[in-house]
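Student: pasting the sequence and the predicted model now:
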Amino acid sequence: MKRLFLGIPLPTETVSALATYLAPYRADQHLQDAKWTTPENHHFTVFFLGDIADSIVPEVQTILKGVVGHISPFTLDFEHVEFFSYKVPKMIWARFQRSLGFLELSQECRKFCQPYMAEPDDGKEPIPHVTLARLRQPVDPRKFSFKPLSLPPVEVTGMNLYESDLTPNGPVYTVLDHYDF
């Protein structure tokens, strides 16, 4: 079994800008229990497939080649850094504006990959974001805010199929395949 997801890698300059921006927050006492995502793991998640049998992975790769065949490149524009969760903040995100290109890509991947998934998809509209940290202890967002950040638009011209290996030191992501639009 392989734990798989589809993701869009970030440009090097965006990864560097985020690392510089986050440096003071990593030392902030309010965020001392945060588990920070390593810069090499920063990406936009398009779709999480979950555990897929090794024998099915080549078929999924073939399907994905067909899916991306009619996807056009698109741009993702940065909004802000924020706490995220539906009730109690559990993550810190670099949130990007909703995008029809991102939505179309996610929906097409969901439609064609759903039959291979062991767990049903929640069907929620995806929000383009980069997970920067997971919070072990909730932070009251009314008592803490992030400074403004300016990032250039991200030109999206492809995506990766990643394997996620969960280790005691954090996840290790391995690119299994790349798909250009």
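Tutor: Yep, it's here.

Student: phi, psi for the residue lying farthest from the centre of the chain please.
Tutor: The centre of the chain is farthest from one residue, residue 143, which by CA atoms, centre = their mean lies 26.6 Å away. Per-residue torsions, residue 143: phi -110, psi 0 (degrees, to the nearest 10).

Student: spatially nearest residue to it, not counting backbone neighbours?
Tutor: residue 30 (7.6 Å; CB to CB, 6 or more residues apart in numbering). For every residue, glycine as well, the C-beta is placed using N, CA and C.

Student: that neighbour contacts residue 144, correct?
Tutor: Yes - contact criterion CB atoms under 8 Å: residue 30 and residue 144 qualify, at 5.2 Å.

Student: where does the prediction get shaky in the protein?
Tutor: By pLDDT under 70, the weakly predicted segments of the chain are 86, 120-121.

Student: go again with 80.
Tutor: Per-residue confidence of the chain (counting by pLDDT under 80) places the weak regions at 86-87, 118-124, 140-143.

Student: what ranges does it have for its helices?
Tutor: Using DSSP state H, the helices of the chain run over 12-26, 57-68, 100-113.

Student: mind giving me the packing neighbours of the first one?
Tutor: Which is helix 12-26. Contacts defined by 3 or more CB pairs under 8 Å, 6 or more residues apart in numbering; DSSP states H and E place helix 12-26 against strand 34-36, strand 129-135.

Student: deepest of the ones you listed, which one?
Tutor: strand 129-135 (a mean of 20; mean count of other CB atoms under 10 Å).

Student: got the contact list for that strand?
Tutor: 10, 18, 22, 31, 33-37, 42-45, 81, 83-84, 89-96 (CB atoms under 8 Å, 6 or more residues apart in numbering).

Student: which ones among the residues you listed are found in strands?
Tutor: Mapping the contacts of strand 129-135 onto strands (DSSP state E) picks out 34-36, 43-45, 81, 83-84, 91-96.

Student: rewinding a little: select only the buried ones of the contacts of strand 129-135 in PyMOL?
Tutor: Selection of the buried residues among those in PyMOL, burial being defined by 16 or more other CB atoms under 10 Å:
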select buried, resi 10+18+22+31+34+36+37+42+43+44+45+81+83+84+89+90+91+92+93+94+95+96
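
Student: of all the ones in strands among the contacts of strand 129-135, which two lie farthest apart?
Tutor: Using CB to CB, these span at most 21.8 Å, a distance reached by 35 and 96.

Student: of the helices of the chain, which is nearest residue 176?
Tutor: helix 57-68 (7.2 Å).

Student: now the closest one and helix 100-113, what's the angle there?
Tutor: 140 degrees (axes from the mean of the first three to the mean of the last three CA atoms, to 10 degrees).

Student: many thanks, I have nothing further to ask.
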